[in-house]
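Undergrad: sequence and predicted structure are below.
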Number of protein chains: 2
Amino acid sequence: MTRRAFDRDHALAIALREFWTHGYETTSIASLTKAMGINPPSLYAAFGDKRRLFDEAVELYLRTHATGLRPAADAGTAIGRLLRDLAADYADPAHPPGCLIISAATNCAPGSEEVLAAMRAMREATKASLAARVREDIEAGLLAQGVDPEAVATFYAAVIQGMNQQARDGAGRKALEGVADAAMLAWPALTAG
Amino acid sequence: MTRRAFDRDHALAIALREFWTHGYETTSIASLTKAMGINPPSLYAAFGDKRRLFDEAVELYLRTHATGLRPAADAGTAIGRLLRDLAADYADPAHPPGCLIISAATNCAPGSEEVLAAMRAMREATKASLAARVREDIEAGLLAQGVDPEAVATFYAAVIQGMNQQARDGAGRKALEGVADAAMLAWPALTAG
DNA sequence: AGAGAACTGTAGCGACCGCTACAAAACGGG
DNA sequence: CCCGTTTTGTAGCGGTCGCTACAGTTCTCT
């Protein structure tokens, strides 16, 4: 038998880059195989089909780039740090700008709306984690009972998604950190109960 | 001679709806003609080609839906009103959610990146109008000299784009207005100099 | 009524889409 | 060494893409 002549992990990293830059629908098998330096049958033997390759790319993305909430003394600190983490990541010139989960499946043709739904579910999960972190502080007595966790989470989720768009439109790290810091200026009034 | 057998304006409105929902690349001529109830030659005779049809749709969108800054006593009031205007528009169930300019050309294949660039230029123009409005207040003495108009504009542009994403993910008018109001909570500290 | 111009539907152009059949090539184990 | 398995490159499947040639229909104008 003959071993695979290309590095599967490397090929997957290239696929991630392509999907990240152009999105799911608008990245063709031809462009993928060309960027990987392999032929279609090799791609299909190694990854199944386009959809499963994308799923693996998303998995790789989540494993290597996506930053979640890290432990912190209070929700404000945790969310503020997350925003700054994302600012740095979204503008990192080592990879395409912005977030794969937010912008890879924005425009999709009827028929492959499952991908859109999957990405949307992941965004909802992120938003839910923000709300949960706020709720945690409310239950711990660090925030007033009157604070609306959903409203806070929706605001910061929107800020994150806006940072993604700004990054894709060319904003640098400092500009994105400025957005993050500006959003945190609302924190005291937003969580005043 | 024979007059056109379909209503050009109505057909254009349908095209806008399609592009608004699915985006530029992922909306096919076939789906457009089907939705319009006409055949390809009629579409091409009336609108030129897909790109020009999209341009006209964008023009119609700007004419009927896009809300810009309205006159107000100060920049904070103007921007706050804009955010609430957009919240109402983005979540209006009478048309597809969100903003055509922000999300119709997110994912695009190499070759038709002109559309992406055109939409990006419009977003930059909106951001520039926000900065100009802030600068106006600085020069009028209503805001401190130390305020950074670009930073303020980038923040509120990001909030607008985040509201767009939230709307497309299902957020209703009240949720979006919550985002708008939360963003304005940062205004005093953001423009404190 | 007849001529002519504009629009209409059919049908199909070449190019590309995701995907795969097939045979030649490259290595493993005996 | 030669067999057998797996991967490779070529070449092409049916389908859809944006777009259009063409002929028939429909209506205006004289």
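TA: Sure, I can see it.
Undergrad: what packs against the biggest helix by length in chain A?
TA: Assignment by DSSP state H gives helix A:113-139 as the longest helix of chain A. Using 3 or more CB pairs under 8 Å, 6 or more residues apart in numbering or on different chains; DSSP states H and E, the elements in contact with helix A:113-139 are helix A:50-64, helix A:75-90, helix A:100-103, helix A:149-168. C-beta here means a position set from N, CA and C on the backbone, and glycine is covered the same way.
Undergrad: identify whichever of those lies nearest to DNA strand D.
TA: Closest to DNA strand D of these is helix A:50-64 (CB to the nearest atom of the strand; 12.5 Å).
Undergrad: so does that closest one get close to DNA strand C?
TA: Yes. For helix A:50-64, a contact with DNA strand C is found by CB under 7 Å from any atom of the strand, at A:50-51.
Undergrad: now do that helix against helix A:113-139, angle only.
TA: Helix A:50-64 and helix A:113-139 meet at an angle of 30 degrees, taking axes from the mean of the first three to the mean of the last three CA atoms, to 10 degrees as the criterion.
Undergrad: same question for helix A:50-64, mean pLDDT?
TA: The average pLDDT for helix A:50-64 rounds to 98.
Undergrad: neighbours around A:Asp55, how many?
TA: As a burial measure, A:Asp55 scores 15 neighbours (other CB atoms under 10 Å in any protein chain shown).
Undergrad: residues contacting it?
TA: With contact set as CB atoms under 8 Å, 6 or more residues apart in numbering or on different chains, A:Asp55 has no partners.
Undergrad: what strand or helix carries the residue nearest to A:Arg84 when sequence neighbours are not counted?
TA: Leaving aside its sequence neighbours, A:Arg84 sits nearest to A:Ala180 (CB to CB, 6 or more residues apart in numbering or on different chains; 5.2 Å). Element membership for A:Ala180, per DSSP states H and E: helix A:173-185.
Undergrad: roughly how far out does that helix sit from the chain middle?
TA: Its chain's average C-alpha position is 18 Å from that of helix A:173-185, according to CA atoms, centre = their mean, to the nearest Å.
Undergrad: ok, the next helix or strand after it near chain B or not?
TA: Downstream of helix A:173-185, the next assigned helix or strand under DSSP H and E is helix A:187-190. Yes. Helix A:187-190 reaches chain B (CB under 8 Å from any CB of the partner chain) through A:189-190.
Undergrad: how far out from the middle of the chain is helix A:187-190?
TA: The answer for helix A:187-190 is 25 Å, by CA atoms, centre = their mean.
Undergrad: how many other residues sit next to the closest residue to A:Arg133 other than its chain neighbours?
TA: Leaving out its chain neighbours, the residue that sits closest to A:Arg133 by CB to CB, 6+ apart is A:Ala75, at 4.8 Å. Using other CB under 10 Å, the number of residues around A:Ala75 comes to 27.
Undergrad: tell me the contacts of A:Ala75?
TA: A:133-134, A:136-137, A:142-143, A:191.
Undergrad: at 7 Å what do you get?
TA: Residues near A:Ala75 by CB atoms under 7 Å, 6 or more residues apart in numbering or on different chains: A:133-134, A:136-137, A:143.
Undergrad: need the residues of chain A near DNA strand C, please.
TA: Counting by CB under 7 Å from any atom of the strand, the residues of chain A that sit close to DNA strand C are A:1-3, A:27-31, A:39-41, A:44, A:49-51.
Undergrad: what about the closest residue in space to A:Pro71 that isn't next to it in sequence, distance to A:Val179?
TA: Distances taken as CB to CB, 6+ apart place A:Ala78 nearest to A:Pro71, at 7.3 Å, with adjacent residues excluded. Distance of A:Ala78 to A:Val179, given as CB to CB, to the nearest Å: 18 Å.
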